[in-house]
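A.B. asks: Any chance you could fold what I've pasted below:
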Amino acid sequence: MATLVQDIALTPSAAARVAAIAARQGKPAILRLSVDGGGCSGFQYKFALADAPEAADTVAETDGVRLLVDEISLDLVRGCSVDYVESLGGAAFKVANPNAASGCGCGSSFAV
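C.D. replies: Predicted coordinates:
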């Protein structure tokens, strides 16, 4: 059974963007955040729409949209917030991760 806790957070801006993308693709409004090895700083964030939470997922919910993190990735992103930011440089999901000791210039990878 998935655990609903506040170890992770999804901002209203990110929730609205996930809802819009999911509606366009005919999928549930569920965003999965995972961490993979790689990127220019050691670890990289990976986002994907999910159909449903898995048993060991940690779940945050904002405005009816869920953010899922698997138990292995959770140790690297515990306490993070996922936001959706639009700027002159483009639009993207951004992770504010208190566990990251450093990150890359593009914001898609980090080191602990």
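A.B. asks: CA only for contacts and neighbour counts going forward, please
C.D. replies: OK.
A.B. asks: Which SSE is immediately downstream of whatever helix or strand Ile21 lives in?
C.D. replies: Element membership for Ile21, per DSSP states H and E: helix 12-25. Next along the chain after helix 12-25, taking DSSP H and E as the criterion, comes strand 30-38.
A.B. asks: and whichever helix or strand comes after that following strand with helix 12-25, angle?
C.D. replies: Following strand 30-38 in sequence order, the next helix or strand is strand 42-49 (DSSP H and E). Here strand 42-49 points in a direction 50 degrees away from that of helix 12-25 (axes from the mean of the first three to the mean of the last three CA atoms, to 10 degrees).
A.B. asks: what mean pLDDT does strand 42-49 have?
C.D. replies: Throughout strand 42-49, pLDDT has a mean value of 87.
A.B. asks: list the buried ones in the helix holding Ile21?
C.D. replies: For helix 12-25, burial by neighbour count (16 or more other CA atoms under 10 Å) applies to Pro12, Ser13, Ala14, Ala15, Ala16, Arg17, Val18, Ala19, Ala22.
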